[in-house]
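**Student:** Output the structure for:
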Amino acid sequence: MVLNSVFARRLYLCWLICQHERPNVPRLMELTGWPRRTLQDVLKALPGMGIELHFVQQGIRNNDGYYQLAAWGPFSVEWIEKHHKALLAAIE
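**Tutor:** Numbers count the residues shown, from 1 in each chain. Take a look at the predicted model:
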């Protein structure tokens with residue numbers, strides 16, 4: 001299976017968000033090894049793919065909280081769960 005690395009990065013990040021409790025940018029940086037700006041760019045691009053992503057605010061500061069995937073849009077979560085290793089391989 002040949003996957004575009006940009007597309008794979010977006011789907012892989014969605015899978016990570018669903019797999020971890022209260023994933024925020026620092027936690028996602030730790031899980032992926034990606035720089036903050038890369039993560040922010042990928043998160044910003046997800047709604048353009050039909051993926052519904054929410055930031056759940058906690059605390060006083062604007063960045064206190066975590067991301068939650070509300071809807072996968074046109075994508076099959078089952079397919080992504082089955083192929084998450086292939087997605088990661090496409091990114092590396």
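
**Student:** what sits against the most centrally placed residue in the chain?
**Tutor:** By C-alpha atoms, centre = their mean, the chain has its centre lying nearest to Leu13, at 2.5 Å. By C-beta atoms under 8 Å, 6 or more residues apart in numbering, Leu13 lies in contact with Leu28, Thr32, Leu39, Val42, Leu43, Leu46. Where C-beta positions appear, they are placed from N, C-alpha and C, glycine not excepted.

**Student:** quick one: average pLDDT of the helix or strand hosting Ala89?
**Tutor:** Using DSSP states H and E, Ala89 sits within helix 77-91. For helix 77-91, the mean pLDDT works out to 88.

**Student:** Now the helix or strand harbouring the residue nearest to the centre of the chain: buried residues?
**Tutor:** Applying DSSP H and E as the criterion places Leu13 in helix 5-19. Neighbour counts over helix 5-19 (16 or more other C-beta atoms under 10 Å) mark Ala8, Arg9, Arg10, Leu11, Tyr12, Leu13, Cys14, Trp15, Leu16, Ile17 as buried.

**Student:** Show the pLDDT at the residue nearest to Ala45 when sequence neighbours are not counted.
**Tutor:** Distances taken as C-beta to C-beta, 6 or more residues apart in numbering place Arg10 nearest to Ala45, at 6.2 Å, with adjacent residues excluded. Listed pLDDT for Arg10 reads 94.

**Student:** ok, Arg10 to Leu88 distance?
**Tutor:** 13 Å (C-beta to C-beta, to the nearest Å).

**Student:** Least confident secondary structure element in the chain?
**Tutor:** In the chain, the helix or strand scored least confidently by mean pLDDT, DSSP states H and E is helix 77-91, which has a mean of 88.

**Student:** Lovely, talk soon.
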